[in-house]
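**Student:** need a 3D model of the sequence below.
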Amino acid sequence: MTHEASDRRELTMPDLCLVVLVGTTGAGKSTFARTHFKPTQVLSSDYFRGLVADDENDQSASRDAFELLHHVARMRLASGRLTVVDATNVQREARAQLVALAREADLFPVAIVLDVPPQECQARNADRPDRMHLPPQVIQRQHRDLRKSLRGLQREGFRKVHVLKGVEEIAKVDIVHERRYNDLRHLTGPFDLIGDIHGCRAELESLLVRLGYALERNDAGAPIDAVHPDGRTAVFVGDLVDRGPDTPGVLRLVMGMVGAGNALCVPGNHENKLVRALKGRQVKTTHGLAESLEQLAAESEEFRSEVVDFCESLVSHYLLDEGKLVVCHAGLPEKYHGRMSGRVRSFALYGDTTGETDEYGLPVRYPWADEYRGKATVVYGHTPTPRAVWVNNTICLDTGAVFGGDLTALRWPERELVAVAAEQVWYEPVRPLASDAPGGRDGRTLDLGDVLDLTPGGVGRRHIETAGTGMVTVRQENAAAALEIMSRFAIDPRWLVYLPPTMAPCATSDLPGLLEHPAEAFAQFRADGVTRVMCEEKHMGSRAVALVCRDEEAARKAFGVDEGMGSGAVWTRTGRGFFHDREVTDGFLARLRASIDAAGLWDELGTDWLLFDAELMPWSAKAQELLRQQYASVGAAATAALPVAGAALARAAARGIDVADLAGRITGREANAHAFVDAYGRYCWDTDGLDGLRFAPFQVLAGEGMSYLDKGHDWHLALLDRLVAADTSGLLAPTGRLVVDVTDDEQVAAGIAWWEGLTAVGGEGMVVKPLAGEADRVTNRRVQPGVKCRGPEYLRIIYGADYTEPVNLDRLRDRGLGHKRSLALREHALGAEALTRLAAGEALWRVHETVFAVLALESEPVDPRL
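**Tutor:** Below is the predicted model:
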């Protein structure tokens, strides 16, 4: 090292902080800032005076200039950008506002003082035309204020203070940005993140062995380190101590692993309290602290001192793997990631509460994870839960090992959970880990607050984040209507993991006698950039969702249902059970299960349960009352009355009265009435239990750990063809289909002809979907997941017997489709989100939130005929 290099001084500061330059006018602050910081990092008071007054020296604009400067500083700090304030800052009041800004952003303020003699500053100002007339007493006053401030800067809140005396010392400095203690983004793993241990040393040993670590022991046989052959690093989320049988053993092992570089650890609230007790502070020896102190009393004073040093060295949270992973004890909102303050440490150790207590007298935790939308995955513990579940890219690993639950680890980046069961209940919990209520096995039973806005002064609507459409809003009045149906008529919410979305019709056709035609469907997808579509036969039945498990044990494991609730369920679009008789439901599921067995789908798909979207026929099996009261009564009245009217007109004509026009219209209406009766009659036949029922599945929605919405519709239908072929009961029905390239005129013509063939024999029509499914919607989420194109005779059921009359068709062609299309997109996004959450193993309330929202949206005022 040369003498010149060794003569330079290094100024250290965090890589993210607020730097406050302190110095008199002419001290060289702006030059210093330009030399050592990026231009975008520097906020100069002179520049902001120029912004608001067109004159950098206009002191009358200082108030507005600093208000603007503080606003920009606040925004920069909030977004995690180092910020330098270039102003005199020689008065405590001015600095106090900047310290407050840093604290608001949970960052450290750093002061760099440029202490330049007043005469040097005066000489520099004399060389500047805009400062040459500055009175000498101004600089002298500023310098006195600066000197008075030097000793108190740290007391004002500055974490670091660098004082540079004279021009030469200022010229010989280098800025060194230090990595924050919590910033370990350079460590990319792989990691094994381990939940709250609470003195359960034997369980910790078992978990480490299961994870592949080799334990190292001292001469007494106690584990003092653990090494993974693949170089994995263990990360402990805190609460190593209290309640369990061997707090010293856990500490000895974890301290050894951290000391050897084989593990990282963040502190928990129990470590914080233990340290205070070991240092002789007055604390209540509750929640297992008494047991820890008793166990540690048998250890040496040296070991207890090492425990204190270790716990006090722990950092509140860590940023790992390029910022993709955040580890802390009690969870951490995104705004606190990588920040440094007492507030951040407090949240990381204790979390936050609502101020309420539950029926067990315990504080109600504020559900910060429900609102989390950060990019980084947050892994934490603190609040015991029966099983680890994902919530908005966060996961709690405290699965209550000390309470007789599991000790759980998350393998990262694999996102794989590994757990070992507790050897016994070491400490009785005040609040039971799980309950029998829906959602109880997740540690959070279903609650009105999951679906309604119950917050004081709430806006009366809920917002649900979806991957497909972003935020979907559910209004309170729609949620109230859904709540009535869900609470009174729906099946058990543990089964109700999905509701099918509505579907919009294709654009209105202007062809004579037609309201819908395939040409519009093909044109719509072509305009949306979708080249190939799947045309699926639209069965005239009732929409049905079927969840079938391999057996009752698989149902209990996957969905937490009680014994005796069967091995699956079948439900309607509104969540009602399809069959009133449990015996019929069980028989239906048995036939479906037999086909799955015969087709070999359980092993092929690696699942013990499957969820199907389908049509169940005949329509009359579910819509008996609707048929009797609405359709059959209309058909009977029309076919009885119109012939009588026609006969009366015939007699009038025989007497020479001119009724030809009216008679023609009556004859036409009579023909329409018979066509109406024929139309709905095609979809009605007698059934007895399962006899006569036909089940036509057209999509395999999900299986264990997997949503199949990313598969193309050709994959779904090919799989279902095998299922239908394996059926020996006659229950399952195939779905006809045709693939059409909408850019090929011949294929488009073939698609139209296929639809005409279906509808000519009374078929309902077809559904047109992007062939690749969700893959065709990745770049354009406004693409409809499917549109229905219904035949003219089926639409007679929907719009009435006489809808084909020209005057009626002209009026119906003005139907608005915008709201229906919007509703279809939103409901599809919610359904897809439900399946994603279900496949990810998220808590029931998370899945049910989206299912409930689909039902709520059905209450929006949309023409039901669409």
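
**Student:** can you name the next helix or strand after the helix or strand hosting Leu101?
**Tutor:** For Leu101, the element it lies in under DSSP states H and E is helix 92-104. Sequence-wise, the next helix or strand downstream of helix 92-104 (DSSP H and E) is strand 109-115.

**Student:** helices and strands around that next one, which ones?
**Tutor:** strand 9-14, strand 18-22, helix 29-36, helix 92-104, helix 136-149, strand 160-165 (3 or more CB pairs under 8 Å, 6 or more residues apart in numbering; DSSP states H and E). C-beta coordinates here come from the backbone N, C-alpha and C atoms, glycine included.

**Student:** can you give me the strands for the stretch 101-250 of the chain?
**Tutor:** Secondary structure of the stretch 101-250 of the chain by DSSP state E, counting those that start in this stretch: the strands cover 109-115, 160-165, 173-178, 183-184, 191-194, 214-217, 223-227, 233-236.

**Student:** and the angle for the longest one with helix 136-149?
**Tutor:** Angle between the axes of strand 109-115 and helix 136-149 is 130 degrees (criterion: axes from the mean of the first three to the mean of the last three CA atoms, to 10 degrees).

**Student:** likewise the third one?
**Tutor:** Note on geometry: by the same axes, to 10 degrees, strand 173-178 and helix 136-149 are set 40 degrees apart in direction.

**Student:** just give me how far strand 173-178 sits from the chain centre.
**Tutor:** 40 Å (CA atoms, centre = their mean, to the nearest Å).

**Student:** again, but for the fifth one
**Tutor:** Chain-centre distance of strand 191-194: 22 Å, with CA atoms, centre = their mean.

**Student:** likewise the shortest one?
**Tutor:** Averaging C-alpha positions (CA atoms, centre = their mean) puts strand 183-184 25 Å from its chain's average.

**Student:** list the helices and strands that strand packs on?
**Tutor:** strand 317-320.

**Student:** elements contacting the strand it packs on?
**Tutor:** Using 3+ CB pairs under 8 Å, 6+ apart, strand 317-320 is in contact with strand 183-184, strand 325-328.

**Student:** if you set the cut-off to 10 Å instead, what comes out?
**Tutor:** In this structure, strand 317-320 packs against strand 183-184, strand 233-236, strand 263-265, strand 325-328, helix 342-350, strand 377-380, with contacts taken as 3 or more CB pairs under 10 Å, 6 or more residues apart in numbering; DSSP states H and E.

**Student:** need these in a markdown table with distance to Ala202, can you?
**Tutor:** Conversion of those to a markdown table gives the following (distance: least, CB to CB, whole Å):
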| stretch | distance to Ala202 |
| --- | --- |
| strand 183-184 | 30 |
| strand 233-236 | 16 |
| strand 263-265 | 18 |
| strand 325-328 | 24 |
| helix 342-350 | 26 |
| strand 377-380 | 23 |
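
**Student:** just these: most buried one?
**Tutor:** Highest mean neighbour count among these (mean count of other CB atoms under 10 Å): strand 325-328, with a mean of 27.

**Student:** ok, that strand: who's next to it in the sheet?
**Tutor:** In the sheet, strand 325-328 lines up against strand 317-320 (antiparallel), strand 377-380 (parallel) (DSSP bridges).

**Student:** reformat these as a markdown table; add mean pLDDT and distance to Arg345.
**Tutor:** Formatted as a markdown table, these follow (pLDDT from 0 to 100; distance: least, CB to CB, whole Å):
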| stretch | mean pLDDT | distance to Arg345 |
| --- | --- | --- |
| strand 317-320 | 97 | 8 |
| strand 377-380 | 97 | 14 |
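
**Student:** any chance of those in CSV, with distance to Thr850 too?
**Tutor:** Listed next are the strands paired with strand 325-328 as CSV, based on distance: least, CB to CB, whole Å:
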stretch, distance to Thr850
strand 317-320, 30
strand 377-380, 21
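
**Student:** out of the ones you listed, flag the one nearest Gly157.
**Tutor:** Of all these, strand 317-320 sits nearest to Gly157, with 22.0 Å by CB to CB.

**Student:** tabulate the CA atom coordinates of the closest one in PDB.
**Tutor:** Written as PDB, here are the backbone C-alpha positions of strand 317-320 (Å, rounded to 0.1, in the frame of the first residue of the first chain):
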ATOM      1  CA  HIS A 317     -34.600 -11.100  10.200                       C
ATOM      2  CA  TYR A 318     -32.700 -12.100   7.200                       C
ATOM      3  CA  LEU A 319     -33.000 -11.500   3.500                       C
ATOM      4  CA  LEU A 320     -31.700 -14.500   1.600                       C
END
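
**Student:** what distance separates it from the centre of its chain?
**Tutor:** Chain-centre distance of strand 317-320: 21 Å, with CA atoms, centre = their mean.

**Student:** for the residue nearest to Asn89 when sequence neighbours are not counted, grab the count of nearby residues.
**Tutor:** Distance criterion CB to CB, 6 or more residues apart in numbering; nearest residue to Asn89, sequence neighbours excluded, is Val22 at 4.6 Å. By other CB atoms under 10 Å, 28 other residues sit near Val22.

**Student:** adjust the sequence numbering to begin at 286 for everything that follows.
**Tutor:** Done: numbering now begins at 286, and the last item shifts to Val307.

**Student:** who touches Val307 in this structure?
**Tutor:** 314, 370, 372-376, 379-380, 396-400, 430-431, 434-435, 438, 443, 446-448 (CB atoms under 10 Å, 6 or more residues apart in numbering).

**Student:** need the strands of the stretch 386-535 of the chain in TSV with mean pLDDT and distance to Val929, can you?
**Tutor:** Putting the strands of the stretch 386-535 of the chain into TSV (pLDDT from 0 to 100; distance: least, CB to CB, whole Å) gives the following:
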stretch	mean pLDDT	distance to Val929
strand 394-400	96	94
strand 445-450	95	100
strand 458-463	94	95
strand 468-469	96	89
strand 476-479	98	81
strand 499-502	96	95
strand 508-512	97	93
strand 518-521	98	85
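
**Student:** among these, which comes closest to Gln984?
**Tutor:** Ranking the strands of the stretch 386-535 of the chain by proximity to Gln984 (CB to CB) places strand 476-479 first, at 36.2 Å.

**Student:** helices or strands next to the closest one in the packing?
**Tutor:** helix 486-495, strand 518-521, strand 548-550, strand 610-613, strand 662-665, strand 691-697, strand 701-706.

**Student:** tell me which of the helices and strands packed on strand 602-605 lies nearest to Arg650.
**Tutor:** helix 627-635 (9.8 Å).

**Student:** what mean pLDDT does that closest one have?
**Tutor:** Taken as a whole, helix 627-635 has a mean pLDDT of 94.

**Student:** quick one: the helices in the stretch 836-985 of the chain?
**Tutor:** 837-844, 867-884, 886-890, 909-911, 918-939, 945-966 (DSSP state H, counting those that start in this stretch).

**Student:** would JSON lines of the ones you listed with mean neighbour count and distance to Leu737 be doable?
**Tutor:** What follows is the helices of the stretch 836-985 of the chain, written out as JSON lines (neighbours: other CB atoms under 10 Å; distance: least, CB to CB, whole Å):
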{"stretch": "helix 837-844", "mean neighbour count": "18", "distance to Leu737": "24"}
{"stretch": "helix 867-884", "mean neighbour count": "17", "distance to Leu737": "30"}
{"stretch": "helix 886-890", "mean neighbour count": "15", "distance to Leu737": "37"}
{"stretch": "helix 909-911", "mean neighbour count": "11", "distance to Leu737": "30"}
{"stretch": "helix 918-939", "mean neighbour count": "14", "distance to Leu737": "38"}
{"stretch": "helix 945-966", "mean neighbour count": "16", "distance to Leu737": "39"}
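
**Student:** pretty sure Thr1064 contacts Ala1057?
**Tutor:** No - Thr1064 is beyond contact range of Ala1057, at 11.6 Å (criterion: CB atoms under 10 Å).

**Student:** more crowded one of those two?
**Tutor:** Ala1057 (20 against 9).

**Student:** look up phi and psi at the nearest residue to that one once chain neighbours are set aside.
**Tutor:** Excluding its sequence neighbours, the residue lying closest to Ala1057 (CB to CB, 6+ apart) is Gly997, at 4.7 Å. Per-residue torsions, Gly997: phi -70, psi 160 (degrees, to the nearest 10).
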